[in-house]
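>>> can you look at this prediction? I've put the sequence above it.
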Amino acid sequence: QLQLVESGGGLVQPGGSLRLSCTHSEYNLSDYSIGWFRQAPGKEREKVSCVSGRVGKTAYADSVKDRFTISRDAAKNLVILQMNSLEPADAGVYYCAGRHTSRPCNVLGSADFDSWGQGTQVTVSY
């Protein structure tokens, strides 16, 4: 298990953008499937996007398609979630999660990820 570290959350107005990053100080995240999850108060944790290890295949929840983009910066050992056209419904605590597996990330649920970050708060409001 890894202790992942997220950064980049904050307060943004509707229609704005934020860039979240996930990293680990020692392990090469390119070998891991990485998922971004979010949880709003009173709601269940939701998988927003993921990128499969090695092959780099990506997947998105319908609610964020065409607005969010997940990518890797291998040189900096980052997994980035670029969030554009943010809506109040996108607010919550965002977590990155990792799993060393050959399974494509789109079939992985939250219970399949064994490494998590501490979360970063995203607030979308005027």
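Thanks, I have it. Residues are numbered from 1 along each chain as shown.

>>> burial measure for the residue lying closest to Ser33 once chain neighbours are set aside, as a count.
Spatially, and ignoring its direct neighbours in sequence, Ser33 is nearest to Cys105 (4.2 Å; CB to CB, 6 or more residues apart in numbering). C-beta here means a position set from N, CA and C on the backbone, and glycine is covered the same way. Close neighbours of Cys105, defined as other CB atoms under 10 Å, add up to 26.

>>> residue contacts, the spatially most central residue of the chain?
The chain has Trp36 as the residue nearest its centroid, 2.2 Å off, counting by CA atoms, centre = their mean. By CB atoms under 8 Å, 6 or more residues apart in numbering, Trp36 lies in contact with 20, 22, 47-50, 70, 79, 81, 94-97.

>>> Met83 reaches Asp66, doesn't it?
No - Met83 is beyond contact range of Asp66, at 11.7 Å (criterion: CB atoms under 8 Å).

>>> the two: which is more packed in?
More crowded of Met83 and Asp66, by other CB under 10 Å: Met83, with 27 against 9.

>>> how much space between that one and His24?
Separation of Met83 from His24 (CB to CB, to the nearest Å) stands at 21 Å.

>>> now the residue nearest to the centre of the chain: how far from Ser115?
Distance of Trp36 to Ser115, computed by CB to CB: 13 Å.

>>> now the common contact residues for those two.
The contact lists of Trp36 and Ser115 share Ala97, where a contact means CB under 8 Å, 6+ apart.

>>> and Pro104, what pLDDT?
In this prediction, Pro104 carries a pLDDT score of 92.

>>> give the contact list for Tyr52.
Heads up, residue 52 is Ser, not Tyr. By CB under 8 Å, 6+ apart, the contact list for Ser52 reads Ser33, Thr58, Arg103, Pro104, Cys105, Asn106.

>>> make TSV out of the residues you listed and add distance to Gly15.
As requested, the contacts of Ser52 are arranged in TSV below (distance: CB to CB, whole Å):
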residue	distance to Gly15
Ser33	31
Thr58	24
Arg103	36
Pro104	32
Cys105	29
Asn106	28
